[in-house]
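S.K.: below: sequence and its predicted model.
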Amino acid sequence: MPNNDPFQATMRIDIPPDLQEQAEAIGRASESGTRRTGRTVIKIPRSKVEPSVRLGDSDFQALLQNVYDAALVTDLKGLIVSSNVRAAQFFLSTEQGLFRNNIISLISGANEELLQTIWETLQSDRFVLIQACCIRKDASIFPAEISVNRLTLSGTDYLSFFIRDVTLRKESEDRLRTGYNAIQNAGSGIAIADIHANLQYCNPAMLRLLGLEYDEEILGRNLRDFLAEEKRADQMAGTVAAREPWFDEIEMKRKDGATFVVQMSALPNFNADGELVGMVFSVLDITSLKRTQKQLETYAQELADRNAQMEADLNMAREIQMAFLPRTYPVYPHHASMENSAVRFSHLYLPSGAVGGDFFDVIDISETQVGVFISDVVGHGMRAALVVATTRGLIERLSSVAHDPGAFLTQLNQAYASIFSQMGDRLFATALYFVADTATGLMRYANAGHPSPFRLRRDVGEVETLQFQNGSKGPALGLFDNTVFHSDECRLAPRDLLLLYTDGLSETQNARSEYYETERLAAAVKKNMALSPAELLAAIVADAQDFSGLKAFEDDVCLLAMEMARLGAK
């Protein structure tokens, strides 16, 4: 409808729903001679202009035909009386085909009231600018800007319609609108500044980051006003001036002075001529992320400190546990030298962790009697090591029955069960204890669920496992409170060797999940039975390592060898 502008009136005619659907269908149907790409492409008709639709003299026609826009001249009823070639191109028709058509039929949503309104508006010597959609001959439509003027030729009034296809402009406007909406609704702060960092635009997210409420608040403000360190702006400007992007994490401050950490990028902003006109900033608030990162670093340091303390505690526990093991062995008789002792000992202890659950002890009972104890607590690590420490203390309290293996294990089991039965998880340990008389070779022994030792009878070249009869082998310590163990006995000959071990060795696995087992252990023992006790133990461990393909063992490993070098009290 007309407005109050003394020079123009602008009308907008909306596309009816049926034509809206038609607009969305542009490009799906094409006629011969018409090609569709991303936009409508019109093939120029080759027909000649019919002289019957020419209006005015040759000068007027020359002017009309050379107008860039589509030009249509109608009478006051809207009937087309003349057109230019451009109009024929726009509407996929010919000048003859357009002749006597009503202009209303070419404008979507138009009716006779439009012509009446146009004519009344033009009475005041004003022109009319219409935003509408035009309809081609093939029923496709295109957005157009139409300028309508009053034209008088030879005393007769006409209406001149100059139509411009604004498809490309509409597409550009839509892209700009989409881009603008994306920037306005972005979660990251986006700002535009000149080459001196004077702010020109901030999206809503950026305004919120800066503690601003209105767009007008950025007027006259420089990015430096919002940086904790103003010199960072100089770094940005210098990089951007070299036409390079700038990225970094910096500290910014809000309008109220509160600081926050952001991840910022600054990119060069060029005009249409490729000239540098400023900078575009993208800002992401990472304050929470940095705070979390700081907390994680603090937690990591605390954890590292605790781990270091725990490692130090474990190392100390290892030293204490190793101190529990014999460092020297008794000699028999007591006045004999190590080389002339009736018995010789050797051991290897390989805990799977810093501390383990395997334990052994050699007890000097009398001038001719020696007691040997070996134990394996279920599990390994600190928990097993604490059980070992407790067991060590209990053994020292049982010196009065140390000469009797059955009584020794019976009382040890009672004390063990009394202590550990109060814990939620039942703790138990296997154990073996024997007493050997170096004068007579008599050996008495009892077993609490422990692997049977090997007896190496070197004089006859045989390896056998120690036999347990008469109830001398019972359940592991801590399983049953009232278990009574009995002693069994045998006689050792000179050069006999006893090999005690824990199951960490026999349960070693290889890559095929096969166990080393007692049979392989017995074979290794027999193969190396002529070696000294220390050499024998080293050879057995090496054989198990070759079997598993690994140097370390998954469970604690303990080996103890006692060689009866000779018999006699002297």
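M.R.: Sure thing, it's come through. Residues are numbered from 1 along each chain as shown.
S.K.: so which elements touch the longest helix anywhere in the chain?
M.R.: Scanning the chain for the helix with the most residues, using DSSP state H, yields helix 287-324. Judged by 3 or more C-beta pairs under 8 Å, 6 or more residues apart in numbering; DSSP states H and E, helix 287-324 is in contact with strand 259-270, helix 382-397. (C-beta placed from N, C-alpha, C; glycine too.)
S.K.: what is the mean pLDDT for that helix?
M.R.: In this model, helix 287-324 has a mean pLDDT of 83.
S.K.: ditto for stretch 429-438
M.R.: 95.
S.K.: residues in contact with Ala241?
M.R.: Contact analysis of Ala241 by C-beta atoms under 8 Å, 6 or more residues apart in numbering lists 195, 276.
S.K.: with the one 3 residues further on instead?
M.R.: Applying C-beta under 8 Å, 6+ apart, one finds that Glu244 lies in contact with Pro268.
S.K.: worst average pLDDT in the helices and strands packed on helix 287-324?
M.R.: Among the helices and strands packed on helix 287-324, helix 382-397 scores lowest, at a mean of 83.
S.K.: give me the residues contacting that helix.
M.R.: Defining contact as C-beta under 8 Å, 6+ apart, one finds that helix 382-397 is touched by 314, 317, 320-321, 324, 355-359, 361, 363, 373, 375, 377-378, 412, 415-416, 419-420, 427, 429, 556.
S.K.: now a ChimeraX select for only the buried ones of the residues you listed.
M.R.: To isolate the buried subset of those in ChimeraX, counting by 16 or more other C-beta atoms under 10 Å, use the following:
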select :314,317,321,324,355,356,357,358,359,361,363,373,375,377,378,412,415,416,419,420,427,429,556
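S.K.: now the helices for the stretch 401-550 of the chain?
M.R.: Taking DSSP state H, counting those that start in this stretch to define them, one finds helices in the stretch 401-550 of the chain at 405-420, 503-506, 517-527, 533-548.
S.K.: closest one to Glu489 among the ones you listed?
M.R.: Closest to Glu489 of the helices of the stretch 401-550 of the chain is helix 405-420 (C-beta to C-beta; 9.1 Å).
S.K.: and the angle for that closest one with helix 382-397?
M.R.: Taking axes from the mean of the first three to the mean of the last three C-alpha atoms, to 10 degrees, one finds helix 405-420 and helix 382-397 inclined to each other by 130 degrees.
S.K.: which other helices and strands contact helix 405-420?
M.R.: Contacts defined by 3+ C-beta pairs under 8 Å, 6+ apart place helix 405-420 against helix 382-397, strand 429-437, strand 442-448.
S.K.: picking up where we left off before, average pLDDT across the following helix or strand past the longest helix of the chain?
M.R.: Using DSSP states H and E, the next helix or strand after helix 287-324 towards the C-terminus is strand 343-350. Here strand 343-350 scores 92 as its mean pLDDT.
S.K.: buried set for the helix or strand encompassing Asn181?
M.R.: Assigned by DSSP H and E, Asn181 belongs to helix 167-184. When neighbours are counted by 16+ other C-beta under 10 Å, the buried residues of helix 167-184 are found to be Ile183.
S.K.: with stretch 384-394 instead?
M.R.: For stretch 384-394, by 16+ other C-beta under 10 Å, it's 384-388, 390-392, 394.
S.K.: domains in this protein, by residue range?
M.R.: According to automatic domain parsing, the chain comprises the domains 8-171, 186-285, 326-564.
S.K.: coming back round to it: Glu249: which of the buried residues of stretch 384-394 is nearest?
M.R.: Glu249 lies nearest to Ala385 out of the buried residues of stretch 384-394, by C-beta to C-beta, at 47.6 Å.
S.K.: show me what the helix or strand that Ala62 is a member of is in contact with.
M.R.: Per DSSP H and E: Ala62 is located in helix 58-65. Applying C-beta under 8 Å, 6+ apart, the contact partners of helix 58-65 are 54-56, 71, 73, 82, 84-85, 153.
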